[in-house]
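K.L.:
Below is the sequence, then the predicted model.
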Amino acid sequence: MPFRSLGLNANILKAIAETGYTEPTPIQSAAIPLIIEGHDLIGIAQTGTGKTAAFVLPLLTKMSENKKEGDQPRVKMLVVAPTRELVVQIDENVRAYAKYAPLKIAKIYGGVSERAQIKALNEGVDIVIATPGRLLDLLRGREKAFARVDYLVLDEADRMLDMGFVPAIRQIVKLLPRERQTLFFSATLSREIEKLTTEFLREPKTIEIGRRSNPAETVTQFVYEVSHHLKQGLLVQLLQDDAFNMVLVFTRTKHGADRIARRLEQSKIPTATLHSNRSQNQRLRALQDFKDGKVRVLVATDIAARGIDVDGISHVVNYDFPPHHEDYVHRIGRTGRAKAIGEAISFVTSEDYGSLRSLERFIGRGIVRKKAEGFDLAAKAPPRDESFSPQERQGRQSHQGASSSHGPRRPSQNSRAPQSSSSTERRSDSSRTNTASSEPAKPGRRRFAGFGRWR
């Protein structure tokens, strides 16, 4: 079914053609006619299914056709989204599709000065795309600017619920006219989400597209069994392969993301980070550099990465195993889009084994296990350079050995006196004993030797 059969405006169709899209996705085919007809809508869809265009295209069509020459701009369409990154991406899509429509657009989010945003509202705009907190701040004293909103879109409502934005959304909705068309998009349909739909929507139609417990068939999944202290080294080794040309790495914490990024930069791998401790400008720059190919790797936390819609991601790496099954499916859904081939790699330690088994039951399939030499679960932590791969450690040792060939270093004033040869021999013997790979397990304890194998 081509776009022209969905009842879209000619100017909108022209803009769609220039973006290179030829056929609508399933959610676009289902949602666009219903929205043009004026129905409230509940759309259950994952990121990457084309849901943004599913509401933007029909609403732009309705606004373009209803706009008369000489009409002063007023806020007719309000889109509320949970994160600044998602607001920016929706804004980019709206501007691309509204290229030939005489509409003014403003984006509103925190982390930047209010001045330009206030100026845009005072001068008059047709479309506002905003995060809940900053929007509520700017609404105070400017209620009249939003008193004639025709269309309200709540995007990624489940994430706004998780982030505690529901009270702010309720306050925003109270300031809007009761006579409006409301569109509600979410990746899941929990009881809490259903309750919200009864508050905000009237006799809505429901579309459920792309909701699945199974990742796309175009995504190949692997698990690497790896000792925790060697995760960074394994990641560096994998990234030596040029096939890893656009890689999204997920980690559990902000500080973990920074540590990984520093390690990759040390290995001359261009990397950016995306998490809430970064400033707004830093986050936008990181995302844009990733899109433009200026960095190969983007290291992100789940919340910060929510709503990232980037084509061409070759690999997703779960550096930290995801805490929830849905998070796993959502993470790896960033690759293998639009029938492209992608790979999802998860690092799994002994502590993650139960979670891995549970995930496999959830998705209804086993995930292929892989091993990298020198990174298995039984590997012992090296005393100093623990974040380096075996190959890198060998190179560092060779370099250090070469440096020592130039002669002994001159001791500093604070250097200790040299130890006796007997103490040196004892330490050397002890070191050989501790690093022996065949060290038996202590009596009464079992040593983990890989998934499904204890000894």
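P.N.:
Great, that's in hand.
K.L.:
Every contact and neighbour count from this point should use C-alpha atoms.
P.N.:
Noted.
K.L.:
which intervals of this protein have sub-threshold pLDDT?
P.N.:
Scanning the chain for pLDDT under 70 picks out 47-48, 68-70, 210-214, 303-307, 338, 376-455.
K.L.:
so what are the domain limits for it?
P.N.:
Domains of the chain are assigned by automatic domain parsing as 3-208, 219-370.
K.L.:
thought A98 was touching L60?
P.N.:
Yes - with contact defined as Cα atoms under 8 Å, A98 reaches L60; the gap is 6.9 Å.
K.L.:
where do the helices sit along the stretch 1-150 of the chain?
P.N.:
Ranges of helices within the stretch 1-150 of the chain are 10-19, 26-37, 51-66, 84-97, 115-123, 132-139, based on DSSP state H, counting those that start in this stretch.
K.L.:
chain center to the fifth one, what's the gap?
P.N.:
What that stands for is helix 115-123. In this view, helix 115-123 has its centroid 30 Å away from the chain centroid, taken as Cα atoms, centre = their mean, to the nearest Å.
K.L.:
Which of the helices of the stretch 1-150 of the chain sits closest to D289?
P.N.:
helix 84-97 (13.6 Å; Cα to Cα).
K.L.:
Kindly format the C-alpha coordinates of the closest one as PDB.
P.N.:
Provided in PDB are the C-alpha atoms of helix 84-97 (Å, rounded to 0.1, in the frame of the first residue of the first chain):
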ATOM      1  CA  ARG A  84      15.300  15.700  25.500                       C
ATOM      2  CA  GLU A  85      16.800  13.400  22.900                       C
ATOM      3  CA  LEU A  86      13.400  12.100  21.800                       C
ATOM      4  CA  VAL A  87      12.100  15.600  21.600                       C
ATOM      5  CA  VAL A  88      15.000  16.600  19.300                       C
ATOM      6  CA  GLN A  89      14.400  13.500  17.100                       C
ATOM      7  CA  ILE A  90      10.600  14.100  16.800                       C
ATOM      8  CA  ASP A  91      11.400  17.800  16.000                       C
ATOM      9  CA  GLU A  92      13.700  16.600  13.200                       C
ATOM     10  CA  ASN A  93      11.100  14.300  11.700                       C
ATOM     11  CA  VAL A  94       8.300  17.000  11.900                       C
ATOM     12  CA  ARG A  95      10.500  19.600  10.100                       C
ATOM     13  CA  ALA A  96      11.400  17.100   7.400                       C
ATOM     14  CA  TYR A  97       7.800  16.100   6.700                       C
END
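K.L.:
Surely V247 and D311 touch.
P.N.:
No - counting by Cα under 8 Å, V247 does not reach D311; the two are 11.4 Å apart.
K.L.:
Neighbour count: those two, which is higher?
P.N.:
Of the pair V247 and D311, V247 is the one with more neighbours under other Cα atoms under 10 Å, namely 24 against 15.
K.L.:
Now the common contact residues for A98 and L60.
P.N.:
I12 (Cα atoms under 8 Å, 6 or more residues apart in numbering).
K.L.:
what kind of secondary structure is the nearest residue to T273 once chain neighbours are set aside in?
P.N.:
Of all residues beyond its chain neighbours, the one nearest T273 is V299 (4.7 Å), with distances taken as Cα to Cα, 6 or more residues apart in numbering. Following DSSP: H, G, I helix; E, B strand; the rest coil, V299 is assigned to strand.
K.L.:
neighbours around V299, how many?
P.N.:
25.
K.L.:
Strands along this protein, start to end?
P.N.:
41-44, 77-80, 105-108, 127-130, 151-154, 181-186, 205-208, 219-225, 247-250, 271-274, 297-300, 315-318, 342-348, 368-370 (DSSP state E).
K.L.:
Ok, which of those strands comes nearest M1?
P.N.:
Using Cα to Cα, the strands of the chain put strand 205-208 closest to M1, at 17.7 Å.
K.L.:
For that closest one, which strands pair with it and how are they oriented?
P.N.:
strand 41-44 (parallel) (DSSP bridges).
K.L.:
Please save the CA atoms from the partner strand in CSV.
P.N.:
What follows is strand 41-44, C-alpha atoms only, in CSV (Å, rounded to 0.1, in the frame of the first residue of the first chain):
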residue,chain,number,x,y,z
LEU,A,41,-5.9,6.4,19.3
ILE,A,42,-3.9,4.1,21.5
GLY,A,43,-0.8,2.8,19.6
ILE,A,44,1.2,0.0,21.1
